[in-house]
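Participant: sequence and predicted structure, then a few things I'm wondering about:
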Amino acid sequence: MGKGNVASVLAALRDAGVSADALESLECAELSEAQLLAIDDAQQLTDAEELGIDARDAAAIVAALEALRNRERGPLIFLDIDGVLNRTVKATHVRLDDDLCARLGAVAETTGAKVVLSTFWRGHLDYVAYALKRQGVLAPVVGATPGDPTGDAYDGTRPRADEIAEYLAACDPACSYVILDDRDDAAAGAMRDRFVRTDPTVGLTEGDAARAAALLAS
């Protein structure tokens with residue numbers, strides 16, 4: 001997972017409706033994150049007498065773990081907003097231009113890609129996901145790169161490429177991805193091969209979208 005650890009996996013299971021008793025059993029078993037994510041059969045859980053997990057919880061756990069695994073298989077779009085989905089680098093709020101969102105939505109629909117927020121606005125993931133959906137971008141927003149640039153603790157000195165690389169380090173190594181950003185520091189080294197840099201005065205063009213789709217398919 002992008003912020004992968006046992007606690008975050010257990011939190012995802014809690015959000016999926018797994019009971020507190022079942023979560024406590026998993027926590028007491030002291031399984032690693034990799035061991036938890038490898039569980040793909042409910043019977044593994046119900047047959048383990050030491051866990052005491054019933055069939056309902058076992059089914060919910062397996063479904064939630066599958067969703068977590070799928071989330072990081074990609075393809076992924078690392079998405080900036082200002083200068084990509086609008087035509088400015090200095091928006092004072094989350095602003096989305098209809099035509100640019102339509103291009104992103106088409107890329108996601110064609111490729112089946114999921115969105116990871118690398119934008120300045122990533123600390124407001126739920127709101128951005130809602131706003132994108134209202135604009136017709138139906139790709140699931142599955143996470144955000146580390147840090148919240150709108151928070152007081154963020155110093156802004158870390159290159160965006162480093163934040164994206166940290167997220168990718170926890171993904172499936174075969175994960176296909178593309179970076180959509182107007183900032184040059186959004187990619188470095190081999191990542192530049194999957195970087196589509198936009199002109200902030202124009203935003204995501206048809207050509208940018210075509211290149212992004214081709215990269216996600218490769």
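Facilitator: Thanks, I have it.
Participant: list the contacts of Asp80.
Facilitator: Shown in contact with Asp80 (CB atoms under 8 Å, 6 or more residues apart in numbering): Ser118, Thr119, Phe120, Leu180, Asp181, Asp182, Arg183, Ala186, Thr198. No exception for glycine: its C-beta is placed from N, CA and C like everyone else's.
Participant: setting aside sequence neighbours, what's the nearest residue to the fifth one?
Facilitator: Of all residues beyond its chain neighbours, the one nearest Asp181 is Asp80 (3.9 Å), with distances taken as CB to CB, 6 or more residues apart in numbering.
Participant: hmm, Val62 and Val18 touching each other?
Facilitator: No. Val18 lies out of contact with Val62 (CB atoms under 8 Å); the separation is 10.3 Å.
Participant: on that earlier part again, spatially, which two of the contacts of Asp80 are the most separated?
Facilitator: Comparing all pairs in those by CB to CB, the longest separation belongs to Phe120 and Thr198, at 14.6 Å.
Participant: for the protein, name the helix or strand with the lowest mean pLDDT.
Facilitator: Among the helices and strands of the chain, helix 33-37 carries the lowest confidence by mean pLDDT, DSSP states H and E, at a mean of 77.
Participant: by contact count, what packs against that one?
Facilitator: Here helix 33-37 touches helix 6-15, helix 55-71, going by 3 or more CB pairs under 8 Å, 6 or more residues apart in numbering; DSSP states H and E.
Participant: tell me the gap between the helix or strand following it and the middle of its chain.
Facilitator: Sequence-wise, the next helix or strand downstream of helix 33-37 (DSSP states H and E) is helix 42-46. Relative to its chain's centre, helix 42-46 lies at 28 Å (CA atoms, centre = their mean, to the nearest Å).
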